[in-house]
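Peer 1: Have a look at this prediction, sequence included:
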Amino acid sequence: MSKIEKLSKNSKKAIQKNDYTVALAGNPNVGKSTIFNNLTGMNQHTGNWTGKTVANAIGYFEYRGETYKLVDIPGTYSIMSHSEEEEIARNYICFGNPDVTIVVVDATCLERNLNLVLQITEITNHIILCVNLLDEAKKKKITINLEKLSNILKIPVVGVTARKKKTLNELLKVTRKVCDGKEDTKNTYQVQYDEKIEKVIGKLEKIIIENYQIEEKLARWISIKILDGEEKILREIEKNAGMHLSDSIKIKGKEVDKNILEIRQEILTKLEEEDITKDIFKEKIVSTIVKDSENIARQVCHFENKDYAKRDRKIDKILTSKKYGIPIMILFLLLIFWITIVGANYPSQFLFSLFGNIQEKLIEFATYINCPEWLSNMLILGVYQTLTWVISVMLPPMAIFFPLFTILEDLGYLPRIAFNMDGFFKRACSSGKQMITMCMGFGCNSCGVTGCRIIDSTRERLIAILTNNLVPCNGRFPFLITVATIFIAGTIGGFGASILSTLCVILVIILGIIMTLVISKILSKTILKGMPSSFVLELPPYRKPQFLKVLVRSIFDRTIFILGRAIAVAAPAGLVIWLFANIGVEGQSLLVIVANFLDPFAKLMGLDGYILTAFILGIPANEIVLPIILMCYMQGTSLVNMEDTFAIGEILRQNGWTILTAINVMLFTVFHFPCATTLLTIKKETGSLKWTVVSFLIPTACGIVLCMFTTLIYHVFLI
Amino acid sequence: MKKRTINELAIEETGVISKITGEETIKRRLLDLGLIEGTSIKPVLVSPSGDPRAFEFRGGLIAIRREDGMNIEIKC
């Protein structure tokens, strides 16, 4: 039995007070989340999107009778500057009062990781250094002298391989010791700056300690930050440490008519006289820490094989080469889509028949209890059928796509995609990271929108969110393929047909990508003015994906999460669709009335009123657009499920579909408003109704214009 | 003497950083990555579109665009 006892859901609720609070810090991509999940039993985390925790995730675990609250703070390289994650991380470590902060580092690149470790040793004494990925280091023949590292830093150092749960026991033991105060962590390593700087830091530190109730170490850190003068940090200090920088203070017991800011100014002026300008001061602070990291790493790391990255570089040369880089990327993506679409068919069929059987039973039951027919129809054929339909068509593709995508993510391939594509996106005043979010969008636009969190610059993130819907998701692929097969390939038949229809779909997707770039550029020049921000992207070492554990779990996090949102919209939408088809005036259903009303406008777009109505009613999920169209044409009162492409083609042709209709339907499928789930997600991510509306309007406007354009061309040339 | 930046380094040619220049926020970001005076840096990969390039330094591999590379001067 493992010594870590996971808390069941019930007992978790019972926790009133936890004995200790533990913070988990570290660079991105060092396996922090794996540690978090392994300790808390995976029952808390809310999806670590492409290596990023943007808010603090909180979980609980028990160890030897005591309860620990574990706070997973965002992964950052540093906590000195002002990105959102760094702010959250810094605030928690400084002012969140954790009993201990565990800093997780990657054994394969200790030197760069130490930078953050040293920054944290400046803030608190209660640190444990957790050296993770020892197995990867071993493979690369890198050895680290943990004991020596511990002696230099004067903090406990634990080596682990987080994916192997057993190795975490030592970490727990040490955590408990530190929490109990049994481990001496008083005199941790202290970065020593240059003499002149040390002198002024000391001066300010003394004043702070005299005037405020602040621990020595934190006082030193605050002094450095005050001298550094980063506005945002100063405001945080005022807010969280209860220091009012503009209050007058005492020096050596005497009230002086000055505040800290004025004293700072005096010090800075003096430093400037000694040729240390503000810029040089900042640079010295940063570079001293970097140099210290370099020194320490040199003392404890031993590289048996100097070319430990050789294999990675070889792979990189191929995956990012001018000739093969982009074709390989396209091949990977096509492979994923192909597996998804083909593989999803079977479970989808199964779910359909399962839900169908239940539906029959439900109808029987309704008759048995003498439920009025209109009510049972409304609930079963309306709400139930739409709901189960959405589940049947959405669940299988997502449950296949996301595991595959996560494998690419775990391997470390996604940053290479961003690297390959950055040049194109830079011209659209955005960054290559947008391509990663688009790839996710192919799976599900809602996930793509959430994935935009990986983009640091707010402006570029917003662009990526607003344009994500321009790439078609899993829900739209089958419809595109069906239409292309019937109308474009159907005329030739045979093997050539399937190639031709595939080509058509690819063509539409490429158009979507081009439009994404064009719209991004337009947005950058108009409502979201700005130049591309500096682009710094780490290309981490390739790693073996943890196929089972984290994979399956994170997938079900994503899939179930999205499905939950979709269901929330599908149920009421089912009701509305049913009402539209069944309520009417003078023998005409609402559906017909609306369709007739929209018809003149739809004709301008080369569509018809029913198609447009179907797109509007299909807002809960793109998958139900075709069933609604068929329902309209067959004058049915509930959604129509047809497997036979040929039969679908017959119905569509009988209702006046031409090649122009087919092309425009395909265009409008790619370019129209996002589904309700995506809209909800956009609202949540941007926190703004305005941007949600904009995200609705942009693709819709594109679609309307494109369709009208093709219709115009078609008529001009064919009259 | 003409300034030389990491953009002028050929693939697999190692340079040693002499100075980081440029606007405050960009400078800060570069410094945070450990790009300080004396750091050895070597471009190893080029993106298919020619820019950015990926540089090896301090045991990591990081993509830097030409615009940002302009701010990283190397010793001649």
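Peer 2: Received it, and whenever you're ready, just let me know what you need.
Peer 1: could you check whether the helix or strand of chain B with the lowest mean pLDDT is close to chain A?
Peer 2: In chain B, no helix or strand scores lower on mean pLDDT, DSSP states H and E than helix B:24-32, which sits at a mean of 80. Yes - against chain A, helix B:24-32 shows contacts by C-beta under 8 Å from any C-beta of the partner chain at B:25-26, B:28-32. Any C-beta I mention is one placed from the backbone N, CA and C, and that applies to glycine too.
Peer 1: and these as TSV, adding neighbour count?
Peer 2: Listed next are those as TSV, based on neighbours: other C-beta atoms under 10 Å in any protein chain shown:
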residue	neighbour count
B:Thr25	13
B:Ile26	18
B:Arg28	21
B:Arg29	22
B:Leu30	24
B:Leu31	21
B:Asp32	23
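Peer 1: Go through those residues and say which is closest to A:Met435.
Peer 2: B:Arg29 (21.3 Å; C-beta to C-beta).
Peer 1: buried residues in the helix or strand hosting A:Ile207?
Peer 2: Per DSSP states H and E, A:Ile207 falls inside helix A:195-211. Buried residues in helix A:195-211, counted by 16 or more other C-beta atoms under 10 Å in any protein chain shown: A:197, A:200-201, A:204-205, A:207-209, A:211.
Peer 1: Please report phi then psi for the residue lying closest to A:Leu39 once chain neighbours are set aside.
Peer 2: Counting by C-beta to C-beta, 6 or more residues apart in numbering or on different chains, A:Phe61 is the residue found nearest to A:Leu39 once chain neighbours are left out, at 4.8 Å. The phi/psi pair for A:Phe61 (degrees, to the nearest 10) reads phi -150, psi 160.
Peer 1: Kindly report the same for A:Ile629.
Peer 2: Recorded main-chain torsions at A:Ile629 are phi -60, psi -50, according to degrees, to the nearest 10.
Peer 1: now the helices for the stretch 601-719 of chain A?
Peer 2: With helices called from DSSP state H, counting those that start in this stretch, the stretch 601-719 of chain A shows them at A:609-617, A:625-633, A:645-654, A:659-670, A:676-686, A:689-718.
Peer 1: That should have said chain B, apologies.
Peer 2: B:24-32, B:66-69 (DSSP state H).
Peer 1: can you list contacts of stretch A:237-247?
Peer 2: Stretch A:237-247 is contacted by residues A:91, A:94-95, A:208, A:212-214, A:218, A:222, A:225-226, A:234, A:259-261 when judged by C-beta atoms under 8 Å, 6 or more residues apart in numbering or on different chains.
Peer 1: what about it, distance to the chain center?
Peer 2: Between the centre of stretch A:237-247 and the centre of its chain there are 35 Å (C-alpha atoms, centre = their mean, to the nearest Å).
Peer 1: for stretch A:471-485, same thing?
Peer 2: Worked out by C-alpha atoms, centre = their mean, stretch A:471-485 lies 24 Å from the chain centre.
Peer 1: same deal with stretch A:497-508?
Peer 2: 31 Å.
Peer 1: List the buried residues for it?
Peer 2: Those would be A:497, A:500-502, A:504-505, A:508, for stretch A:497-508 by 16+ other C-beta under 10 Å.
Peer 1: and if you look at stretch A:143-159?
Peer 2: With burial defined by 16+ other C-beta under 10 Å, the residues of stretch A:143-159 counted as buried are A:144, A:146, A:149-150, A:152-159.
Peer 1: Look up how far A:Lys314 lies from the closest residue to B:Leu61 other than its chain neighbours.
Peer 2: Closest residue to B:Leu61 in three dimensions, ignoring its sequence neighbours and counting by C-beta to C-beta, 6+ apart: A:Leu539, at 4.4 Å. Using C-beta to C-beta, to the nearest Å, we find A:Leu539 at a distance of 14 Å from A:Lys314.
Peer 1: higher neighbour count, those two?
Peer 2: Each of A:Leu539 and A:Lys314 has its neighbours counted (other C-beta atoms under 10 Å in any protein chain shown); A:Leu539 has more, 23 against 10.
Peer 1: phi, psi of that one?
Peer 2: phi -100, psi 90.
Peer 1: can you redo the buried residues of stretch A:143-159 as a markdown table with pLDDT, secondary structure and distance to chain B?
Peer 2: Shown next, in a markdown table, are the buried residues of stretch A:143-159 (pLDDT from 0 to 100; DSSP: H, G, I helix; E, B strand; the rest coil; distance: C-beta to the nearest C-beta, whole Å):
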| residue | pLDDT | secondary structure | distance to chain B |
| --- | --- | --- | --- |
| A:Ile144 | 92 | strand | 12 |
| A:Leu146 | 92 | helix | 18 |
| A:Leu149 | 93 | helix | 16 |
| A:Ser150 | 93 | helix | 21 |
| A:Ile152 | 93 | helix | 18 |
| A:Leu153 | 92 | helix | 18 |
| A:Lys154 | 91 | coil | 23 |
| A:Ile155 | 92 | coil | 21 |
| A:Pro156 | 92 | coil | 24 |
| A:Val157 | 93 | strand | 19 |
| A:Val158 | 93 | strand | 21 |
| A:Gly159 | 92 | strand | 18 |
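Peer 1: So which residues on chain B come close to chain A?
Peer 2: B:20, B:25-26, B:28-34, B:36-39, B:44-52, B:54, B:56, B:58-65, B:67-68.
Peer 1: Return the nearest residue of the stretch 401-550 of chain A with respect to chain B.
Peer 2: Nearest residue of the stretch 401-550 of chain A to chain B, counting by C-beta to the nearest C-beta: A:Gly423, 2.5 Å away.
Peer 1: In which helix or strand does that residue reside?
Peer 2: Residue-wise, A:Gly423 maps onto helix A:414-427 under DSSP H and E.
Peer 1: Check which helices and strands that helix sits against.
Peer 2: Secondary-structure packing of helix A:414-427 (3 or more C-beta pairs under 8 Å, 6 or more residues apart in numbering or on different chains; DSSP states H and E): helix A:310-319, helix A:325-368, helix A:433-443, helix A:495-525, strand A:536-538, strand B:60-64.
Peer 1: Let's see it as PDB, backbone CA atoms only.
Peer 2: Extracted C-alpha coordinates of helix A:414-427, given in PDB (Å, rounded to 0.1, in the frame of the first residue of the first chain):
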ATOM      1  CA  LEU A 414       3.900  21.200 -30.800                       C
ATOM      2  CA  PRO A 415       6.600  23.900 -30.200                       C
ATOM      3  CA  ARG A 416       8.200  22.700 -33.400                       C
ATOM      4  CA  ILE A 417       5.000  23.400 -35.300                       C
ATOM      5  CA  ALA A 418       5.000  26.900 -33.800                       C
ATOM      6  CA  PHE A 419       8.600  27.300 -34.900                       C
ATOM      7  CA  ASN A 420       7.900  26.100 -38.400                       C
ATOM      8  CA  MET A 421       5.000  28.400 -38.900                       C
ATOM      9  CA  ASP A 422       6.100  31.500 -37.100                       C
ATOM     10  CA  GLY A 423       7.400  33.200 -40.300                       C
ATOM     11  CA  PHE A 424       3.900  33.200 -41.800                       C
ATOM     12  CA  PHE A 425       2.200  34.400 -38.700                       C
ATOM     13  CA  LYS A 426       4.700  37.100 -38.100                       C
ATOM     14  CA  ARG A 427       3.600  38.600 -41.400                       C
END
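Peer 1: what angle do it and helix A:433-443 make?
Peer 2: Orientation check (axes from the mean of the first three to the mean of the last three C-alpha atoms, to 10 degrees): helix A:414-427 against helix A:433-443 gives 110 degrees.
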